[in-house]
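>>> Turn this into a model:
(one chain, ligands or ions: 1)
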Amino acid sequence: MTSAVEANADGLIGPTHSYAGLSPGNLASSLNAGESSNPRAAVLQGLDKMKRLADLGLPQFVLPPHERPDIPFLRSLGFSGSDAAVLEAAWKTAPSFAAAACSASPMWAANAATVTPSADAADGRVHFTPANLVTNLHRSLEHAQTKRALDALFADPVRFVVHDALPSVAHLADEGAANHVRLCADHGEPGVNILVWGREAYEPWSGAFPARQTREASEAVARRHGAARAVFPRQSGAAIAGGTFHNDVVCVGALETLFFHELAFEDTEATKADIRAAAAGLFEPIFVEVSSADLPLADAISSYLFNSMLVRIPGEDRLTLICPTETRDNPRSHAVAERLAASNGPIGRIEYVDVRQSMRNGGGPACLRLRVVLTEAELAAANPAMRMTDALHARLSAWAAARYRDTLAPRDLADPALLDEGRAALDELTGILGLGRGFYPFQRV
Ligand code: SUG
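Numbers count the residues shown, from 1 in each chain. Below is the predicted model of the structure:
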């Protein structure tokens, strides 16, 4: 057996973090639309979470924010003149597109890509497919820059393959690792890949909220990665209708354990049977299911109990569930979490992190991270300049404190000074993370 660890790569929250109500079906995004945000607090919360995981002994990497406002996108729509003129005209005549161009949504790295560890891939390399995120305009702008970031982090072609996103069409709508769970006996051993989808490519869709992942997209990702033991359960329509825009809002897994809400899957018994069959000869899956009676779906969604990081801390036998503070603040969720830790089950400890700024846009601790299982040799091949250390945490915290605003109303996104501030911040960041000039589009003109 090859030994491997589960690393996390978190999206560093960008200077335009805001509440623009861009994601129908994501109840927090809709509820907080128009509120003022605090980008500085947001990025510091994200950095502290990264340091917390690094301190627990899990390798932690940083994925840089994208350039926003996305002026090249606005130019592609015919806006012209200086960058400031492009921004001003876009806000005047196409405010929805302008808002999409300003979103800091690449922070939610669980949607950056789907990852297949080398132990599961036919060619023995780690595979990444950046998610095309076509369901929401603001998110569809991410994948090219995401690929650039993954190329910078995982550059060695002998060990890593960073694919292009799937074609950007609704038939192949893909939201990345937010709809993927991998179970295994040990990270370095072959695992079972659970790829959850909400609709079929040609299925007429009449739901109130979009289903963001197609079965065909999940199958294509598994096929191009050569992912072994893949199972494709359907997300329940009730979950989507209730505000479960990604499966990771109601389900998380680690090692042998799948922790999920009763309403996560359309057919729970068939899903469990498929996972058991795929795991046969490797390990016995452990299912920890929470009933609607114990935790109504609405509480699961508002408190994000399942959008937690389920991790094995080095040296510990049982798993730790790292929840947002909103889970502690919801009496029903808190009771479920405490009962889990008090039981003899696989989850032995609950911890809480404050990611409130992200949470108000529907992004919990699990949304902010992309899990990447790496062998020792693969870990050594990842870009060390992007790895979280005490020194990098201190440097990025000082950078953010100096460069980010502490309040941002949606109307401030039209301020041309914000464009300049953002670029100055990202220009400095490319130096800090050793990305080289030309990493961002504005550095290439
Ligand atoms: O895609 N919110 C993100 C949240 C993504 C959460 N990720 C996971 N569950 N893995 C989304 O809905 C809101 C942006 C705004 O409204 O300004 C937003 O894009």
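
>>> ok, so what distance separates the residue of the chain most remote from its centre from the ligand?
Relative to the centre of the chain, and counting by CA atoms, centre = their mean, the farthest-placed residue is Gly81 at 34.9 Å. Using CB to the nearest ligand atom, to the nearest Å, one gets 26 Å for the distance from Gly81 to the ligand. For every residue, glycine as well, the C-beta is placed using N, CA and C.

>>> Please name the nearest non-neighbouring residue to that residue.
Ala89 (7.3 Å; CB to CB, 6 or more residues apart in numbering).

>>> Give me the contacts around stretch 30-37.
Residues outside stretch 30-37 that contact it (CB atoms under 8 Å, 6 or more residues apart in numbering) are 17-21, 23-24, 357, 360-361, 407-410.

>>> returning to what we had before: make sure the residue nearest to Gly81 is actually in contact with Leu77.
No - between Ala89 and Leu77 there is no contact under CB atoms under 8 Å: 9.9 Å.

>>> coming back round to it: any chance of TSV for the contacts of stretch 30-37, columns pLDDT?
Below are the contacts of stretch 30-37 laid out as TSV (pLDDT from 0 to 100):
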residue	pLDDT
His17	98
Ser18	98
Tyr19	98
Ala20	97
Gly21	97
Ser23	97
Pro24	95
Gln357	98
Arg360	98
Asn361	98
Thr407	98
Leu408	98
Ala409	96
Pro410	94
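
>>> closest to Asn307 among those residues?
Here the nearest of the contacts of stretch 30-37 to Asn307, counting by CB to CB, is Asn361; it sits at 12.3 Å.

>>> on that earlier part again, pull up the overlap in contacts between Ala89 and Leu77.
Residues touching both Ala89 and Leu77 (CB under 8 Å, 6+ apart): none.

>>> need the residues of the stretch 1-150 of the chain near the ligand, please.
With CB under 6 Å from any ligand atom as the criterion, the stretch 1-150 of the chain comes near the ligand at residues 18-23, 26, 29, 103, 105, 108, 110-111, 139.

>>> Among these, which ones are in helices?
Counting by DSSP state H, those place Ser29, Arg139 in helices.

>>> Return the member of the residues of the stretch 1-150 of the chain next to the ligand nearest to Glu376.
Distance to Glu376 across these (CB to CB) is lowest for Ala110, with 24.6 Å.

>>> gap between that closest one and Val252?
Remark: distance between Ala110 and Val252 (CB to CB, to the nearest Å) = 10 Å.

>>> Which one's more surrounded, these two?
Using other CB atoms under 10 Å as the criterion, Ala110 and Val252 rank with Ala110 on top: 28 against 23.

>>> Hmm, the more buried one is touching Asn179, no?
No - under the criterion of CB under 8 Å, Ala110 is not in contact with Asn179, lying 9.1 Å apart.

>>> Show me whatever sits in contact with both of these two.
Common neighbours of Ala110 and Asn179 (criterion: CB under 8 Å, 6+ apart): His246, Asp248.

>>> Give me the common contacts of Ala110 and Val252.
Shared contacts of Ala110 and Val252, defined by CB under 8 Å, 6+ apart, comprise Ala366.

>>> from memory Arg423 sits against Glu67, does it?
Yes - between Arg423 and Glu67 there is a contact under CB under 8 Å: 7.2 Å.

>>> Looking at these two, which has the bigger crowd around it?
Ranked by neighbour count (other CB under 10 Å), Arg423 and Glu67 place Glu67 first, with 22 against 19.

>>> What are the contacting residues of stretch 270-277?
For stretch 270-277, contacts defined as CB under 8 Å, 6+ apart pick out Leu183, Val192, Ile194, Val231, Pro233, Leu258, Phe265, Glu284, Pro285, Phe287.

>>> so how many other residues sit close to the last one?
So that's Phe287. 15.
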